[in-house]
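J.: pasting the sequence and the predicted model now:
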Amino acid sequence: MDEVIFLEVLEGDAVQARHRLEKLPVTVGRGYTNDVILDDPKISAEHLRVERREDGAVVLRDLGSVNGTFNVQPWARLAEMVLTPDARVALGDTVLRFRPRGFVVEDTVVNEAAAAPRERLFERPRAFALTLQALVAVAFISERVTQFQKTDWGDLLLGSVLPLGLTLLWAGGWSLASRIARRSFFFRVHATIGGMVLLGFALAPPLFALLSFSFSLGSGLGIVRTLLILGLVGWGLYWHLRYVTRWRGRRVVRGLVIASVGVLVLTNVSVLLGNEEFSEALEFPRSLLPPVLRVAPAHSVDSFFEDVTPLAEDVDALAKED
Amino acid sequence: MFSLLLAAALAQGPIAPPPGPPAVPLLVPSADAGIPDAVVPPLPVASLPPATHELFRRIQGRVAQVRIIERRSGTKSSIGSAFFVSAKGHALTNYHVVSDLVLHPEDYTAELDRGDSTVPVRLLAVDVASDLAVIQVEAPVADFFKLEDGEPPQGTRLFAMGNPRDLGTTIVEGTYNGLVRDALYERVHFSGAINPGMSGGPTLSGEGGVVGVNVATMGNQVGFLVPVARARLLLDGALKLEAPPDSAALMASVREQLLANQQRITDRLMATDLPKQALGEYRVPGRWSPFLKCWGDTPHDPETPYTVTSYQCSSEEDIFLSSSHRTGVVGYLHQHVTSQKLGAMRFSALYSTLFSQDPDPVSATREDVTNFRCNSEFVDVAGLTVRAAICLRSYRRFPGLYDLVLRAATLNASTHGVDTSLTLGGFSAENARKLARRYLEGLSWTK
């Protein structure tokens, strides 16, 4: 080992504290007489010493500690050990690592952002205000249009501002996480992302109702809807996480893909296994819109009732299945 | 709908009877209403029936309690009544009393409690549409009932016997009130108390002849009997049997009866033109056949910015297959929606909500039927565009029988429309298709 070595107190894989050992010998223990003091109750007052032997090797020597000192890999109690680069020893509940000054660090991680960071949509100064305004407007319209009872203005007002409140609350949570992990709140960014996702959720049902009605689309829309919801949630979580962690984009994407595949599989596990729950429900599209929005042609009564035969064959096959 | 509730309530068992239908005024046939009160001639003394206690003493031994025994627990899971009709030990009861024997012969057996002893019984024949069954005990029977040949005149005093709520054999007085008017399944209206557990017991004339088989009650002294003619038909067939049928043969006979019954209903409906009922500017299928009972209503609420007028028809009767499975049902509901205050979009929201609500399906469980499969399209019904969906499910035990639901909503205007649904329980695919088509073609717009 070099003349100068570093003693690192580890916490998991991360370094909790790093001590530069310039002159040997160095004593380590809980007592205040030591060069390196470790506040671990299972460590003896004078626990171990790092010193240079006559032959020049740097050795670690246990000073007759109560609980002993252990080499980590392979696990073995030791009285004396020649330190090699990256050697790890355990004492009490603490793990120490020794590294020479000549330790070669990994290459610098190349920042994927361009030199002049591209301004993202939701970082633009007006995106925040516009998103929240759009959210309130869309919530008001959808609340108004889907409500066919006598207008209750209190409910209508509450219904319009509720998404806004939810968005701000949601953004607050993410902001705290950002603050903890990245020392900055990014509140407006989080609020804009959350607002956009909610906007997507507010706009999707009427869009699907329109598609389902106008083109008389049925079961095919179900899977599209699931994918769209997953995509929307995934997009939102991706950007929230980008402002909370310092992970590379690709890593976040990988995590989200695994999570959404997991969710898809878990929620559809019975369908994938071919088990259909017994249900008296009738599954067919229910959206009715003003007749002018209809694009799909109307079939003749003949062709409509011709489809009874394949339907009967369908349910007969179901009856035979189990 | 009525006997549906009633039959279940009669087979006294651990299964709670389904909740009753909403309070609907009862249509009572009033054939005599027009006759003025003339001088009532005194009844000849000779025609008076004997005192009830004498009759009871004479015939007590001819009525027995049927117990359906669940094999694993070895004890009764439900009870009913039965009565002997031949010296060879033949007895009549209701199908709904012994339905477990037909559908789950591996899980259930039956025995008769004759007061002093219990004897095993076997099932010979069933008539699901009339709700009758013939059972037989091994030992010959000394004392049995005679089936009356004809129907007694209205007002005749009758005596219903049975074992209500496992309280022992009882006799109840009541009056014969003729066949239920316009019934889909023939029933005698008996004004007297018939209680759970009396199912399958006889109702007797004063001379002790059987005029009907207790089958259902609507409460308040409104009871129903299976006419004796149906019982005689089934018994005659059963007396000719050389060996008791196995469970597969019984199931096959039930299937045949169901097929014949749906064919009878289909023929009856297809033979008549579907009358048109006016609902706003629309014409919708009206009362197709007398066995359908129709009701209408429009909730009046000045606060509500729209009006929904409903018109519904239903056979209000069904066939009991098991405590969880009914069939032989025809029912439909129209809802005419109109609004002056709602715009096109808000009306669409209302209309979609109505279209999303389906009528209660015919009751059935996973072991009875499959899930529904639907097909939905825009359909042009003689110039009137509707969004229609047709759904089918298949009977697992009785291949070739289906429940059908047809749903349709008219799409010719942006602030009014008719939403309609048709439910057919227990029809062949071909008959269901024919009826549904006739029904859908009954929709029209007058402008």
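T.: Alright, I've got the coordinates.
J.: which residue sits closest to the residue of the stretch 51-200 of chain B found nearest chain A, ignoring its sequence neighbours?
T.: Closest to chain A within the stretch 51-200 of chain B is B:L103: 15.7 Å, counting by C-beta to the nearest C-beta. To be clear about C-beta, it is placed using only N, CA and C from the backbone, and glycine gets the same treatment. Sequence neighbours aside, B:S322 is the residue nearest to B:L103 in space, at 5.5 Å (criterion: C-beta to C-beta, 6 or more residues apart in numbering or on different chains).
J.: hmm, that neighbour is touching B:S99, no?
T.: Yes. With contact defined as C-beta atoms under 8 Å, B:S322 reaches B:S99; the gap is 5.2 Å.
J.: which of these two has more residues huddled nearby?
T.: B:S99 (25 against 20; other C-beta atoms under 10 Å in any protein chain shown).
J.: can you pull the contacts of that one?
T.: By C-beta atoms under 8 Å, 6 or more residues apart in numbering or on different chains, the contact list for B:S99 reads B:11, B:320-323.
J.: among those, give me the pair with the biggest separation.
T.: B:A11 and B:L321 (12.6 Å; C-beta to C-beta).
J.: please report the distance of A:A57 from B:L392.
T.: As judged by C-beta to C-beta, to the nearest Å, A:A57 and B:L392 stand 87 Å apart.
J.: these two - which one has more neighbours?
T.: B:L392 (27 against 12).
J.: tell me the SS of that one?
T.: strand (DSSP: H, G, I helix; E, B strand; the rest coil).
J.: who does it bridge with?
T.: Listed by DSSP bridges, the beta-bridge partners for B:L392 are B:R373, B:L404.
J.: might one say that it is in contact with B:T423?
T.: No. B:L392 lies out of contact with B:T423 (C-beta under 8 Å); the separation is 11.7 Å.
J.: so what sits against both of those two?
T.: By C-beta under 8 Å, 6+ apart, the residues touching both B:L392 and B:T423 are B:403-404.
J.: shouldn't B:D131 be in contact with B:V226?
T.: Yes. The pair B:D131 and B:V226 passes the contact test of C-beta under 8 Å, sitting 6.1 Å apart.
J.: who touches both of the two?
T.: Common neighbours of B:D131 and B:V226 (C-beta under 8 Å, 6+ apart) are B:94, B:215.
J.: low pLDDT regions in the stretch 101-250 of chain A?
T.: A:111-118, A:219 (pLDDT under 70).
J.: would you mind listing what in it touches chain B?
T.: A:144-150, A:209, A:213, A:216, A:218 (C-beta under 8 Å from any C-beta of the partner chain).
J.: ok, so of the residues you listed, who is nearest B:L443?
T.: Once C-beta to C-beta is applied, the member of these that ends up nearest B:L443 is A:S216, at 18.7 Å.
J.: check which residues of whichever strand or helix holds A:G194 are buried.
T.: Using DSSP states H and E, A:G194 sits within helix A:187-214. With burial defined by 16 or more other C-beta atoms under 10 Å in any protein chain shown, the residues of helix A:187-214 counted as buried are A:187-202, A:206, A:208-209, A:211-213.
J.: just checking, A:L311 touches B:I390?
T.: Yes. A:L311 is in contact with B:I390 according to C-beta under 8 Å; the separation is 6.9 Å.
J.: neighbour count: those two, which is higher?
T.: B:I390 (28 against 22).
J.: all the strands of the stretch 101-250 of chain B, residue numbers only.
T.: B:108-113, B:118-127, B:132-137, B:157-162, B:170-179, B:188-191, B:202-204, B:210-219, B:222-227 (DSSP state E, counting those that start in this stretch).
J.: after the top helix by length along chain B comes which helix or strand?
T.: Across chain B, the longest stretch assigned as helix under DSSP state H is helix B:247-271. From helix B:247-271 onward toward the C-terminus, using DSSP H and E, the following helix or strand is strand B:276-279.
J.: residue contacts, A:V295?
T.: So A:V295 contacts A:214-215 (C-beta under 8 Å, 6+ apart).
J.: so what pLDDT did it get?
T.: With respect to pLDDT, A:V295 has a value of 91.
J.: so which strand or helix has A:S175?
T.: helix A:153-182.
J.: follow-up on the earlier one: turn the strands of the stretch 101-250 of chain B into a markdown table, including mean pLDDT and distance to A:V233.
T.: Converted to a markdown table, the strands of the stretch 101-250 of chain B look like this (pLDDT from 0 to 100; distance: least, C-beta to C-beta, whole Å):
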| stretch | mean pLDDT | distance to A:V233 |
| --- | --- | --- |
| strand B:108-113 | 91 | 52 |
| strand B:118-127 | 92 | 57 |
| strand B:132-137 | 93 | 59 |
| strand B:157-162 | 91 | 64 |
| strand B:170-179 | 90 | 64 |
| strand B:188-191 | 92 | 63 |
| strand B:202-204 | 92 | 67 |
| strand B:210-219 | 90 | 55 |
| strand B:222-227 | 92 | 58 |
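J.: return the most buried member of the ones you listed.
T.: strand B:202-204 (a mean of 29; mean count of other C-beta atoms under 10 Å in any protein chain shown).
J.: in its sheet, what does the helix or strand where B:T420 lies sit against?
T.: In this assignment (DSSP H and E), B:T420 forms part of strand B:416-427. When sheet partners are counted by DSSP bridges, strand B:416-427 sits next to strand B:329-338 (antiparallel), strand B:402-410 (antiparallel).
J.: so which of those is the most surrounded?
T.: Highest mean neighbour count among the strands paired with strand B:416-427 (mean count of other C-beta under 10 Å): strand B:402-410, a mean of 26.
J.: can you tell me the closest non-neighbouring residue to B:L354?
T.: B:D419 (4.9 Å).
J.: so the one you found bridges to which residues?
T.: B:Q335, B:A409.
J.: and what of B:W295?
T.: B:Q312.
J.: how near is it to B:V134?
T.: Taking C-beta to C-beta, one finds B:W295 at 38 Å from B:V134.
J.: try B:S117
T.: On the measure of C-beta to C-beta, B:S117 and B:V134 end up 21 Å apart.
J.: now the strands: where do they sit in chain A?
T.: A:5-11, A:14-21, A:26-29, A:36-37, A:48-52, A:58-62, A:69-71, A:76-78, A:80-82, A:87-91, A:94-100, A:299-300 (DSSP state E).
J.: ok, B:R72 touching B:D107?
T.: Yes. With contact taken as C-beta under 8 Å, B:R72 and B:D107 are classed as touching, separated by 7.5 Å.
J.: let me know the pLDDT of the residue nearest to B:N163 when sequence neighbours are not counted.
T.: Leaving aside its chain neighbours, B:N163 sits nearest to B:Q65 (4.6 Å; criterion: C-beta to C-beta, 6+ apart). On the pLDDT scale, B:Q65 is placed at 91.
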